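Chemist: missing the sequence, but the structure's below:
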């Protein structure tokens, strides 16, 4: 049963959002065309990133908690992870957009974005030789710039709120992943700062601080693509060609 630990975590992650997708108020299932296309695009990028970093020894997987089936040199559970977690994140975002449509604090969101840009620039400047820290930081830096300059800050308020709320389930799922550990990080390639969210954590394991920014990065990318495709469809409906 231990070999199914990772896949069980994946299933538990997506089960609730998937079941609630048919709620008539949010009706998330109606957006599946946009949801899965945005997940597909971003997950391809992340899976390539995952393959490269696994090959470089930035992280590795503990076979004790895996079924032993691999896909593109990754455990198939890891591939499933990049469907389950992004889906859950987009579901949180869609619910917030539906129930709190007037949650617009673009000025505050931009201010927080500038704070993140400065923080990331400083961290990367002093840790450019740590691949997980540097690559995550650089990608997030330019993604935030894109959100400010290209989209003019649209969706930033809901994106950051979704990220903050998503930290709660992330602390559980990633807590187990990194504390058992299922996923083992090479601390020479990250800041070495671990967040301990579960009683079974010890000082050696826990969630690397970079994971929270890694999570924000793919949420920003997915939401950007999701909204771009959804709005384009709405425009086509209004002004058909």
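Modeler: Cool, got the structure. Computed from a predicted structure; not experimentally measured.

Chemist: The lengthiest helix in the chain packs against which elements?
Modeler: Identified as the longest helix of the chain according to DSSP state H is helix 210-238. Using 3 or more C-beta pairs under 8 Å, 6 or more residues apart in numbering; DSSP states H and E, the elements in contact with helix 210-238 are helix 32-56, helix 76-99, helix 131-149, helix 156-179. Quick note: C-beta positions are derived from backbone N, CA and C, even for glycine.

Chemist: Got the phi and psi for residue 71?
Modeler: Residue 71 has phi and psi values of phi -140, psi 130 when expressed as degrees, to the nearest 10.

Chemist: sorry, back to before: adding mean neighbour count, write the helices and strands packed on helix 210-238 out as CSV.
Modeler: CSV is the format used below for the helices and strands packed on helix 210-238 (neighbours: other C-beta atoms under 10 Å):
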stretch, mean neighbour count
helix 32-56, 16
helix 76-99, 21
helix 131-149, 18
helix 156-179, 20
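
Chemist: Give me the residue at the spatial middle of the protein.
Modeler: The C-alpha lying nearest the average C-alpha coordinate of the chain belongs to residue 215 (C-alpha atoms, centre = their mean; 3.2 Å).

Chemist: wait, doesn't it sit right on residue 163?
Modeler: Yes - counting by C-beta atoms under 8 Å, residue 215 does reach residue 163; the two are 6.9 Å apart.

Chemist: quick one: low-confidence parts of the chain?
Modeler: For the chain, the stretches with pLDDT under 70 are 200-203, 233-241.

Chemist: swap the cut-off to 50 and go again
Modeler: Along the chain, the model assigns pLDDT under 50 to residues 234-241.

Chemist: What distance separates the opening and closing residues of stretch 184-192?
Modeler: 12 Å (C-alpha to C-alpha, to the nearest Å).

Chemist: related to what we said a few turns ago, now the closest residue in space to the residue nearest to the centre of the chain that isn't next to it in sequence: how far from residue 32?
Modeler: Leaving aside its sequence neighbours, residue 215 sits nearest to residue 170 (C-beta to C-beta, 6 or more residues apart in numbering; 6.0 Å). Look at residue 170 and residue 32: by C-beta to C-beta, to the nearest Å, they are 23 Å apart.
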